[in-house]
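>>> Model the structure of this input:
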Amino acid sequence: MKIATWNVNSIAIRLEQVLKWISDTNTDVVCLQETKCVDEKFPLEAITDFGYHAAFMGQKSYNGVAILSRFPIEDVQKNFLDDDPDAPKRLIAATIKGVRIVNTYIPNGTELWTDKFTFKLDWLQRLRKMFDAACDKNSDVLLCGDFNVAPEESDVWNVKAWEGKLHFSKPERAAIHHVKQWGFVDVFRQMNGDLQEFSWWNYREGAFPKNHGLRIDHIWTSKNLAEKCIACWIDREPRTWERPSDHTPVVAEFKI
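Okay, here's the model as predicted:
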C-alpha cells in the first residue's frame, strides 16, 4: 500500500494536479494539508467519481486537511477531541486497512516567541498526549503531514543560514522530538539514511532551481509498521509543474 502526504496549498487550484498525480503514481492513500476550502465546497463529487473515498475538514483561505483513499475510511476523528468547534482545522485521523493514519498540518508559528509560536509548541505537546492516550505503540500507526519543522541538520539546505530560525529552532526541534519519542520511526531516514532531500521550497529567490529547501513534510510510523515499509521517497516532479504548490509529495510504500 502506498501512502503519501502533500501540502497542496489549495485543493480548488490544484485538484487536477492531485488527481493526475494519484493516477500516474497509483497511490492508494493521500493525506492533504492546506486545502483552504470550506466543507461545502470540497470537491467530493470529483474525488468520488475518480474512485476514491474522502474524509475532510476545512476552512476558507487557510488550514484544512483531508484524506483521500482507494479503500474505505473508518473511525474518523477531526481535530483533538477536546478542541473547540471553531478551532483551526489542522488534524484529521482515520483507520484504513487496519492502519491508524493521523494527518496533520502543524502550526507554522510565524515568528519565534510570538503567541503563534507558543501555540505551535503547545499544539505539539497536545499531539504527543493524544498518542499517549489513544494509540497502541504495538499497532500500525502512521503520523504524517506538514510538520513545519526540519528535525535534523540534513533537513535544511544550509545549517548556518537556518540556525535559530523558524522551522529549525531548538524549541521546535525539541518539541517534535518529544512527539517522535512516543515510538515513531522516520521512515524516510530509515530507508534513505542521511540523504539530503527536501519537500518544500520558497516561491521566492529561485529557491527550487537552487535546491534551497527544507524537509518539513514527513511520514513517521510505529515500529511495527516501519518493519513493513519497503520504500520512502520525495517526488519532486509536481514542484516543476505550472502553478505548483510550494510543497511536493512524500510517499511511503508498505507490505500490507
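>>> Could you use CA atoms for every contact and neighbour count after this?
Fine.
>>> Run through the residues that contact the residue nearest the centre of the chain.
Closest residue to the average C-alpha location of the chain: residue 145 at 0.9 Å, with C-alpha atoms, centre = their mean. Residue 145 makes contact with 5-7, 31-33, 103-106, 217-219, according to C-alpha atoms under 8 Å, 6 or more residues apart in numbering.
>>> What pLDDT is listed against the nearest residue to residue 235 once chain neighbours are set aside?
Using C-alpha to C-alpha, 6 or more residues apart in numbering and skipping residues adjacent in sequence, the residue nearest residue 235 is residue 249, 5.5 Å away. Here the pLDDT value assigned to residue 249 is 99.
>>> Tell me the spacing between residue 249 and residue 194.
Distance of residue 249 to residue 194, given as C-alpha to C-alpha, to the nearest Å: 19 Å.
>>> out of the two, which sits in the busier spot?
Ranked by neighbour count (other C-alpha atoms under 10 Å), residue 249 and residue 194 place residue 249 first, with 27 against 13.
>>> Flag the shaky bits of the stretch 51-200 of the chain, pLDDT-wise.
Regions of the stretch 51-200 of the chain meeting the criterion pLDDT under 70 are absent.
>>> mind listing the helices in it by residue range?
Assigned by DSSP state H, counting those that start in this stretch, the helices in the stretch 51-200 of the chain fall at 115-134, 159-162, 170-180, 187-192.
>>> what distance separates the third one from the centre of its chain?
So the one you mean is helix 170-180. 16 Å (C-alpha atoms, centre = their mean, to the nearest Å).
>>> angle of it against helix 115-134?
Interaxial angle of helix 170-180 relative to helix 115-134 (axes from the mean of the first three to the mean of the last three C-alpha atoms, to 10 degrees): 10 degrees.
>>> Give me the contacts around helix 170-180.
Under C-alpha under 8 Å, 6+ apart, the answer for helix 170-180 is 121, 124-125, 127-128, 149-152, 164, 166-167.
>>> now the helices of the stretch 51-200 of the chain in CSV, with distance to residue 62 and mean neighbour count?
Shown next, in CSV, are those (distance: least, C-alpha to C-alpha, whole Å; neighbours: other C-alpha atoms under 10 Å):
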stretch, distance to residue 62, mean neighbour count
helix 115-134, 15, 15
helix 159-162, 25, 12
helix 170-180, 22, 18
helix 187-192, 28, 18
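>>> Can you lay out those as CSV showing distance to residue 66?
Formatted as CSV, the helices of the stretch 51-200 of the chain follow (distance: least, C-alpha to C-alpha, whole Å):
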stretch, distance to residue 66
helix 115-134, 18
helix 159-162, 30
helix 170-180, 22
helix 187-192, 22
